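K.L.:
Quick check, what structure comes out for this input:
(one chain, ligands or ions: 1)
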Amino acid sequence: MSDAPAKHQPLVFSGMQPTNTLHLGNYLGALKNWVKLQDQMPCIYCVVDMHAITAVAYAKPDDLRTAVREVAAAYIAAGVDPKRSILFQQSAVPAHAELAWIFNCVARLGWMDRMTQFKEKTGKHKERASVGLYTYPTLMAADILVYKATHVPVGEDQKQHLELTRDVAQKFNNDYGAEDFFPLPEAVVLGTATRVMSLRDGSKKMSKSDDSDMSRINLTDDADMVAQKIRKARTDPNPLPDDEKGLEGRPEAENLINIFAALAGTPRSDVIARFAGQQFSGFKNELADLAVAEIAPIAEKMRRLLADPAELDRILADGAEQAAALAAPILRETKRLVGFHA
Ligand code: TYM
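P.N.:
Below you'll find the model as predicted:
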């Protein structure tokens, strides 16, 4: 992590979509790092419900409200401390949407056309995707820059969106003659599991939208379910490799070793050295123990938090008030630079 330019105070911003329950990829790729970063700088963590409706219309408004609470509960259960960090729901702070409009006019079509996530999500059916899904990355840029955040802890799949955020910041600063007005925030991609793959197919990302629940470990899975999913995780017929090179062309083995290393907090080379030449069964038993030890307490804490939705709503409302107060002067200055009513 390089130091942010002196002009901008170090500040973390990150978010997750409230679409289905969070999984081990969200946890190891991002959430676990969010918790650690709280010791290093001020942090703002958001439940991005405005992003969630780019892909799905919730049949009932309460479904989205419940999903928002679940994600907030997962943040807290994993160790985000609402007394130290700001935790809120995106749609409660309209400044995000206002800045996103300005950024829609800064970003170029060519930049958006390069976004691989949009292509992956829409496949051959681009014309049926919502316009919101297409402009998703400018809203994400607004999320970050409306606070002038400098560090954004995410999994590897978000790196391209962070590059776009930097391009938007740079072009805004140039176009409106405001050098250094917005910082150029950096993606903080930390750990050995920055891209956790499906347990059923090592070439696919572990994802909330995968049809098979066996492909992912949900943060709400109980101990038996976690162990079962790991035991049934796909592997190849060979024993575990002796060295890093032996992982080439073995995506399932590589994925399980990466998950092991991330959960154990040890380098991947140590895990390989320890299990070299062994069968997967023993390794999977130990991996299941590690995963259960880490996930089960989170699931348990989430259940307790979700039993008191009013308290979660209070935490989110309090966070939104703090977030809005930070965003207001930055948005006002941005609008003044553009020439809008401010
Ligand atoms: P989302 O909701 O898809 O995922 C939340 C976070 O989890 C990470 N992640 C993974 N990491 C490792 N392996 C995986 N299989 C895996 N799947 C997901 C993601 O990289 C992400 O960090 N666009 C964002 C949400 C967002 C945001 C923001 C993030 C909106 N505004 C501003 C940061 C800053 C997203 O869709 O994440």
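K.L.:
Name the SS class of Ala57, please.
P.N.:
coil (DSSP: H, G, I helix; E, B strand; the rest coil).
K.L.:
which SS class is Lys229?
P.N.:
Strictly by three-state DSSP, Lys229 counts as helix.
K.L.:
so how many other residues sit close to it?
P.N.:
21 (other Cβ atoms under 10 Å). Just so you know, the C-beta spots here come from the backbone N, C-alpha and C atoms, and that holds for glycine as well.
K.L.:
how about the helices in the stretch 51-200 of the chain?
P.N.:
61-78, 95-104, 109-113, 116-122, 131-145, 159-175 (DSSP state H, counting those that start in this stretch).
K.L.:
Tell me if the first one is near the ligand.
P.N.:
Put plainly, it is helix 61-78. No - Helix 61-78 does not reach the ligand (Cβ under 6 Å from any ligand atom); its nearest approach is 8.5 Å.
K.L.:
Buried deepest among the helices of the stretch 51-200 of the chain, which one?
P.N.:
Among these, helix 131-145 has the highest mean neighbour count (mean count of other Cβ atoms under 10 Å), at a mean of 23.
K.L.:
separation between the nearest residue to Ala74 once chain neighbours are set aside and the ligand?
P.N.:
Counting by Cβ to Cβ, 6 or more residues apart in numbering, the nearest residue to Ala74 once its immediate chain neighbours are dropped is Leu22, at 4.8 Å. Here the criterion is Cβ to the nearest ligand atom, to the nearest Å. By it, Leu22 lies 8 Å from the ligand.
K.L.:
repeat for Ala100
P.N.:
Taken as Cβ to the nearest ligand atom, the span from Ala100 to the ligand is 10 Å.
K.L.:
Surely that residue and Thr135 touch.
P.N.:
Yes - in terms of Cβ atoms under 8 Å, Ala100 counts as a neighbour of Thr135; the distance is 7.4 Å.
K.L.:
Quick check: the residue nearest to Ala74 touching Leu219?
P.N.:
Yes - here Leu22 lies in contact with Leu219, judged by Cβ under 8 Å, at a distance of 4.8 Å.
K.L.:
Can you work out which residues contact both of these two?
P.N.:
Common contact partners of Leu22 and Leu219 (Cβ atoms under 8 Å, 6 or more residues apart in numbering): Ala74.
K.L.:
now the helix or strand encompassing Ala262, how far from the chain's geometric center?
P.N.:
Ala262 is part of helix 251-264, with elements assigned from DSSP states H and E. Distance of helix 251-264 from its chain centroid, counting by Cα atoms, centre = their mean, to the nearest Å, is 19 Å.
K.L.:
Alright, I will stop here.
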